[in-house]
Structure formats: C-alpha cells, structure tokens
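Okay, here's the prediction I keep looking at, along with the sequence it came from:
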Amino acid sequence: MHLFVTPYCIVQDNKKGGPKPIESTYSLNVMKNKDGDMVIFTNPTIAAAPTKAKIAEKQLQTDSTINAETTGSITKFLTTFFTLYPSGTANELKYYVAGGTKPLNKDYRFAELVNPTFHRQGDNIQVDATVKFLDSETDMIQYSQYTLVLEKSGSNWTIKSGL
C-alpha cells in the first residue's frame with residue numbers, strides 16, 4: 001500500500017487573500033505485473049495524513065569502562081566477520097557465532113562499521129552498530145543495524161546473540 005499526498009490550490013473569486021493551499025492524502029494499492037509494470041488495482045481512497053513519530057532516540061555512547069585496546073580488538077573481529085558474513089559458508093561462520101548461523105547469501109561487500117558503541121554486560125560486551133554493505137547487483141548501499149552480544153573465550157571473540 002502506498003500513500004500519496006497531493007497538494008493543490010482552490011481559488012474562489014468571492015474570497016480575499018488569493019489561492020488557499022489544500023492538502024489531501026489518499027491511499028491506493030499498487031502491484032507489479034509480470035512485465036515489471038506498476039498497476040493500480042484500487043481506486044484512491046481518502047486517508048489520514050501520516051505524521052512524524054514523536055520519539056526521541058537517545059544517543060548511545062561507549063561505556064567508559066571499556067578500554068581502547070578492547071574496542072579495537074572487537075572492531076577488528078567484527079570487520080572480519082561482516083566481510084565474510086554475506087557469502088561465507090555456515091561452516092566458516094561457526095567460528096564467529098556461538099551455535100553457528102547461516103550466511104546472508106547476498107552479493108554484498110562489506111564497506112564499514114558505522115558508529116559502533118560498546119557496553120559492558122557482565123562478562124560480555126554489547127555492540128550496537130550499523131553495518132554498511134555495498135550491493136554488487138544494484139550498486140546501492142545497504143545499511144543494516146545490529147545489537148550483538150559478544151563474549152571472549154581465550155583470545156578470540158564470539159558473537160553470542162544478535163544475528
């Protein structure tokens with residue numbers, strides 16, 4: 001379902017002040033046919049205008065108890081993992097994720113971790129990060145947000161949850 005907002009002006013000769021802008025919102029259903037053409041299959045129906053969400057997202061900051069060496073180690077681990085994640089095998093990914101995970105099976109190339117924040121959770125570290133991938137098929141940028149819980153076993157990090 002798509003919403004379209006159509007602004008237009010109504011001018012009445014007997015009213016002062018010139019044209020009055022009027023805004024109306026309609027909804028209609030659009031589908032793609034087998035040839036890839038867009039097809040409208042319902043008549044436009046008047047609808048309430050969408051409004052902006054009244055949510056103030058708090059800015060996350062890295063926990064000050066986590067030192068730069070640890071954040072650097074985690075960033076290196078996540079860079080390696082997200083480079084492999086789009087096309088790696090389940091067997092390869094089991095070394096990075098506790099219990100294993102399936103690959104994305106997409107033609108994505110890892111570009112960067114965007115603003116990762118690190119928070120201590122007992123013995124584990126929670127990482128909130130946006131991952132920037134480049135989609136090779138469409139030449140588009142794909143952003144994916146993750147909240148990962150990492151645990152350290154020996155000298156290696158493992159993703160405990162969040163995928």
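Noted; the coordinates are in hand. Residues are numbered from 1 along each chain as shown.

Which parts of the chain are helices?
Along the chain, counting by DSSP state H, helices occupy 68-84, 90-93.

Any idea which of those helices has the lowest pLDDT on average?
In terms of mean pLDDT, the lowest-scoring of these is helix 90-93 (a mean of 89).

Report the buried residues of it.
Within helix 90-93, the residues that count as buried by 16 or more other CB atoms under 10 Å are residue 93. Just so you know, the C-beta spots here come from the backbone N, C-alpha and C atoms, and that holds for glycine as well.

Which elements pack onto it?
Packing partners of helix 90-93 (3 or more CB pairs under 8 Å, 6 or more residues apart in numbering; DSSP states H and E): helix 68-84.

which stretches of the protein aren't confidently modelled?
1-20, 22, 57, 59-60 (pLDDT under 70).

Domains in it, by residue range?
Taking automatic domain parsing as the reference, the chain has its domains at 2-46, 68-161.

And stretch 91-102, what's buried?
93, 96-97, 101.

residues making contact with it?
Under the criterion CB atoms under 8 Å, 6 or more residues apart in numbering, residues 77, 80-81, 84-85, 90, 103, 151, 158-161, 163 lie in contact with stretch 91-102.

Let me know the closest of those to residue 58.
Residue 58 lies nearest to residue 161 out of the contacts of stretch 91-102, by CB to CB, at 22.0 Å.
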